[in-house]
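[1] Sequence and computational prediction follow.
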Amino acid sequence: MGESSESAQPQLQRVQEFIAAFQSLRSEVRKVIVGHDEVITHVLIGLFAGGHVLLEGVPGLGKTLLIKTLAESLDLTFSRIQFTPDLMPGDIIGTNMIVEDAAGRKQFQFQRGPVFGNILLADEVNRATPKTQSALLEGMQEGSVTVSGHANPLPSPFFVLATQNPIEMEGTYPLPEAQLDRFIFKLRVQYPALEELVEIIDRTTHVREIEVHRVMTGPQVMGYRELVREIPIASHVRDLAALIVLATHPQWERAPEMARRFVRYGASPRGAQALVLGAKVLALSEGRFNVSVDDLRAIALPALRHRLILNFEGEAEGVDVDRLITQLIDEVQTMSGAQKEVFLR
Amino acid sequence: MPDPIVLERLVSEVGKQVRLRRAEFYGLRGLFAGAVLALVPLVLRELLGPPGLVLAGALLCAGFLVGAIYGLALKVPAGDLARLADRGYQLQDRVATSLEWGARPDRTPVVDALVADTAARVDALARRRIIPRLLPREAKLIPLPLVAGLLLSIAPPIPLPQGGLPSFSVSKEDEEDKPKERAGDMQSTDRPTAAKRDPIQRADLQERNMVPRSGAGGQSQPGDLSAVFKDTSLGSKAPDFNSFLKKGDERIRMLEQVDRLPDLQQDYTQRQTKVVFQRAKALRGGLDPNKKVSPEKLRELLNEMERLGRKGGGNNWSGDVSEGMEALEGGQTDKAMDAMERALSKMRQLEDRGRDGKSLKGGREGDRRGGPRGGRERAGQGGPGEEGDFPEGEGLMPGKGKSPNPKGDPSQRLRGNPYDVGVEGESRQGKKDGLDTNMVGRGANMPSRLQYLGVLGQYRKMMEESIAREQVPRDFQTQVKEYFQSLDEK
């Protein structure tokens, strides 16, 4: 046992480092952002899971500020694109320009666009045309962009944080399902509570400089991403994740009644990946070396809510996707026998 | 690799608890079964004597023991035990993951840390019973057979019934009589014999008096095929099966002529236009005046209406639907709503037109006549209330042409049509070939050429146009629409 403890010591140390880094990053963001603890935690989980995060909320709730503060806390390059209807793909990716060298010869040279940054804030992403939105697709999935047949790798880590406004729908282009699926989480930014609002007023209307420190570097982020993938998951927890994703499909023969009635399309396999990776980061951030069923439940809503497409009946009845997912998970747990008295089986 | 022996020990302890609980559970079930069985020897105590009591006690004990042994012998998968331990001690799946991943060759260095962490936590645990006691449903019923058994054992033995079954065997006296009978052949002729039965049952004896079906002349039920013949000469005839056997029935021949059959289902099935109406109603219903329909839902409905228009052909609402779509694209939801209302009213008029007429219309006939009629509509001749049922020179004008409508008592037919009921007023004197509403003046002397539903459609259209054109307050709009809707429901 003593020997085994020694072999586990470096891992314990790595995990302790991660927990400390995670907490310090969170506290840096909290210096500026009041409340929104769950949103901050989920953004950080998305960062360490290696995904991209979409934040949805009405204007003025601090979405953009949260992302800017996170970028300031990380020693990474940050670029911001304000999406507008006249934005073109070249404005994001970059373009080939004719330049003249010392000998006077003219040649094409690729001028990088703002997408070549570690942290990319795509503000009001649904205001740009689908053509421009799709310019982000390749970068988000492959980590590279292709211009004139030449693939240009994006810097690592590459983390897209997009925001969208759910109420001003006039003149917007809702994100296509293919692009929504590329976001690991969709987070809903809610109105602050009374105490939080009071704190926001105090913090922002006084002459006080809030200094945010850089607490993590790019290589550190990449190292933690690898550590996350080493976290083991028990087979029954993994099976439950797969069952949850399958239960969102109305075509599945064992699909719960709710899914059959209200869902048109269920979550993709990316949903299952997001569920498990997110649960791993959550477990690690809480100092655990394994994924539990509770982690899956905690991550299910941000990981799946944008992957479920309701049918006409679901839309007409005003079905809340979050509640639907919660009910589906309950049914799946009953179905898998997790809540039965195991000793009688 | 950390030693997972602590974890295995924990799992083994949980396994013992599980076996104990299972033994209790199945032991109680067995006890109930044994108690019920023990009642049998107690009831038969008079027959069995004192060993009956011993047998009852033995059955009781045997039931419990068999159940308990069965519970102990059942296997529990190690994975399930680990999960039970995790749940019981709130270890968040640590034990199950450690045991599963500790044995895997592809384990990561983090697994070692996990096993060490879990072992440390398990070491620090205060052991307790984590498997709750679960009683079977039968446990509540155990006192019943026990009390019954106790009463039976205290009470005097129940006397068993002594009477036997009556003997049906032949007595010796009868046996002796039989040879005598056999001996006298001549006497046997004097015995009364049963009348000889006719083995062949004559067909004429089985023939029954067939009563005409209720649907032949009166009100027909949906799905009642007799409605097919109700306006024909066959309607009042009883089926003659003898003649059918010889030369076949005219009904069968009529059924073979599919083109001439009326489309009985036309008014009863769920048509696609009705689905659109229902959706439109659901979309508009329950909205407060300040709340607007979302553009997505409106677009979906308009799409469906457009699809329906493409599919049906010969419609006149496509223009309104296109206009609505354009308005929606331009963000003018109110204008799109108005266009949808207009399209709906046109669709409703088309429906009404389909329902018009005095009796059920031949399905294929309707289709055949649809072409030229549609052509007339396109040419702009005739309004929705004027065209259709009574063109000039035919129909119900007395002495003019041959009516294509089925003959017979019109009142019977009108009762059969669910859409022409509820028309009130004083009926005109004289022969009535159809339903009319003109009671006084010129209309009293001649049959009306306007049908109730057609007129209603016209008025509805006028109402909707005036609502769309003029600034009528929303409350009044609702009131007027509800009035017309109530007329529809009549």
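    Here it is on my side, so go on.
[2] Could you double-check that residue B:298 lies in contact with residue B:328?
    Yes - counting by Cβ atoms under 8 Å, residue B:328 is a contact partner of residue B:298 at 6.2 Å. For glycine as for every other residue, the C-beta is placed from the backbone atoms N, C-alpha and C.
[3] Mutual contacts of these two, please.
    With contacts defined as Cβ atoms under 8 Å, 6 or more residues apart in numbering or on different chains, the residues shared by residue B:298 and residue B:328 are residue B:336.
[4] Give me the buried positions along whichever strand or helix holds residue B:301.
    Following DSSP states H and E, the helix or strand that holds residue B:301 is helix B:295-312. By neighbour count on 16 or more other Cβ atoms under 10 Å in any protein chain shown, the buried set for helix B:295-312 is B:295, B:298, B:300-302, B:304-306, B:308-309.
[5] And that helix, what does it pack against?
    If you count contacts as 3 or more Cβ pairs under 8 Å, 6 or more residues apart in numbering or on different chains; DSSP states H and E, helix B:295-312 packs onto helix A:312-316, helix B:272-284, helix B:318-329, helix B:333-355.
[6] Lowest average confidence across those helices, which one?
    Lowest mean pLDDT within the helices and strands packed on helix B:295-312: helix B:272-284, at a mean of 67.
[7] one step back: ok, the buried residues of helix B:295-312 vs residue B:93, which is closest?
    Closest approach between the buried residues of helix B:295-312 and residue B:93, by Cβ to Cβ: residue B:300, at 43.9 Å.
[8] I'd say that closest one and residue A:310 touch.
    No - Residue B:300 is beyond contact range of residue A:310, at 11.9 Å (criterion: Cβ under 8 Å).
[9] and residue A:212, which of the three is it?
    Secondary structure assignment for residue A:212 (DSSP: H, G, I helix; E, B strand; the rest coil): coil.
[10] can you pull the contacts of it?
    Applying Cβ under 8 Å, 6+ apart, the residues near residue A:212 are A:28, A:31-32, A:69, A:72-73.
[11] Narrow these to those that are buried.
    A:28, A:32, A:69, A:72-73.
[12] if you skip the residues just before and after it, what's nearest to residue A:80?
    residue A:121 (4.3 Å; Cβ to Cβ, 6 or more residues apart in numbering or on different chains).
[13] which residues touch the residue of the stretch 51-200 of chain A found nearest chain B?
    Nearest residue of the stretch 51-200 of chain A to chain B (Cβ to the nearest Cβ) works out as residue A:170 at 5.9 Å. By Cβ under 8 Å, 6+ apart, the residues touching residue A:170 are residue B:331.
[14] okay, it: pLDDT?
    With respect to pLDDT, residue A:170 scores 74.
[15] SS state for residue A:264?
    strand.
[16] Residue B:58 too?
    Recorded secondary structure, residue B:58: helix (three-state DSSP).
[17] tally of neighbours for it?
    Here the number of neighbours of residue B:58 (other Cβ atoms under 10 Å in any protein chain shown) works out to 14.
[18] Please determine how far it is located from residue B:64.
    Going from residue B:58 to residue B:64 by Cβ to Cβ, to the nearest Å gives 11 Å.
[19] again with residue A:306
    For residue A:306 relative to residue B:64 (Cβ to Cβ), the value is 58 Å.
[20] Kindly report the same for residue B:328.
    75 Å.
[21] Other residues contacting stretch A:136-144?
    Applying Cβ under 8 Å, 6+ apart, the contact partners of stretch A:136-144 are A:52, A:92-93, A:115, A:122, A:125, A:145-146, A:151-154, A:156, A:158, A:160, A:178-179, A:182-183.
[22] just the buried members of those?
    Buried by 16+ other Cβ under 10 Å: A:52, A:92-93, A:115, A:122, A:125, A:145, A:152, A:154, A:158, A:160, A:179, A:182-183, out of those.
[23] now for those residues, which pair is the farthest apart?
    Farthest pair in these, by Cβ to Cβ: A:152 and A:183, 22.3 Å.
[24] just checking, what packs against the lengthiest helix in chain A?
    Secondary structure assigned by DSSP state H gives helix A:2-32 as the longest helix of chain A. In terms of contacts (3+ Cβ pairs under 8 Å, 6+ apart), helix A:2-32 is packed against helix A:37-49, helix A:63-73, strand A:216-217, helix A:218-229, helix A:269-285, helix B:109-123.
[25] so can I have TSV of these showing distance to residue B:79 and mean pLDDT?
    Below are the helices and strands packed on helix A:2-32 laid out as TSV (distance: least, Cβ to Cβ, whole Å; pLDDT from 0 to 100):
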stretch	distance to residue B:79	mean pLDDT
helix A:37-49	27	93
helix A:63-73	40	89
strand A:216-217	38	90
helix A:218-229	24	92
helix A:269-285	19	95
helix B:109-123	15	87
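[26] Quick one: closest of the ones you listed to residue A:247.
    Taking Cβ to Cβ, helix A:269-285 is the member of the helices and strands packed on helix A:2-32 nearest to residue A:247, at 11.2 Å.
[27] can you list the weak-confidence ranges in the stretch 151-300 of chain B?
    B:162-279, B:281-292 (pLDDT under 70).
[28] one step back: could you take the buried ones among the contacts of residue A:212 and lay them out as a markdown table, with extra columns for distance to residue A:60?
    Listed next are the buried ones among the contacts of residue A:212 as a markdown table, based on distance: Cβ to Cβ, whole Å:
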| residue | distance to residue A:60 |
| --- | --- |
| A:28 | 22 |
| A:32 | 15 |
| A:69 | 16 |
| A:72 | 20 |
| A:73 | 22 |
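[29] In those, find the pair that's most separated.
    Largest separation among the buried ones among the contacts of residue A:212 by Cβ to Cβ: A:32 and A:73, giving 9.3 Å.
[30] contacting residues for residue B:130?
    By Cβ under 8 Å, 6+ apart, the neighbours of residue B:130 are B:14, B:17, B:84-85, B:87-89.
[31] for residue B:64, same thing?
    B:27-28, B:30-31, B:34.
[32] same check, this time on residue B:56
    Contact analysis of residue B:56 by Cβ under 8 Å, 6+ apart lists B:38-39, B:41-42, B:149, B:153.
[33] For those residues, which single residue is the most surrounded?
    residue B:38 (27 neighbours).
[34] what about the stretch 1-150 of chain A, any weak spots by pLDDT?
    A:1-8.
[35] if we go to 50?
    Along the stretch 1-150 of chain A, the model assigns pLDDT under 50 to residues A:1-3.
[36] Endpoint to endpoint, stretch A:104-123 covers what distance?
    40 Å (Cα to Cα, to the nearest Å).
[37] Centre of the chain to it, how far?
    24 Å (Cα atoms, centre = their mean, to the nearest Å).
[38] so the residue nearest to the spatial centre of chain A bridges to which residues?
    Centroid-nearest residue in chain A, with Cα atoms, centre = their mean: residue A:53, separated by 2.8 Å. In this structure, residue A:53 bridges to residue A:161, residue A:185 when assessed by DSSP bridges.
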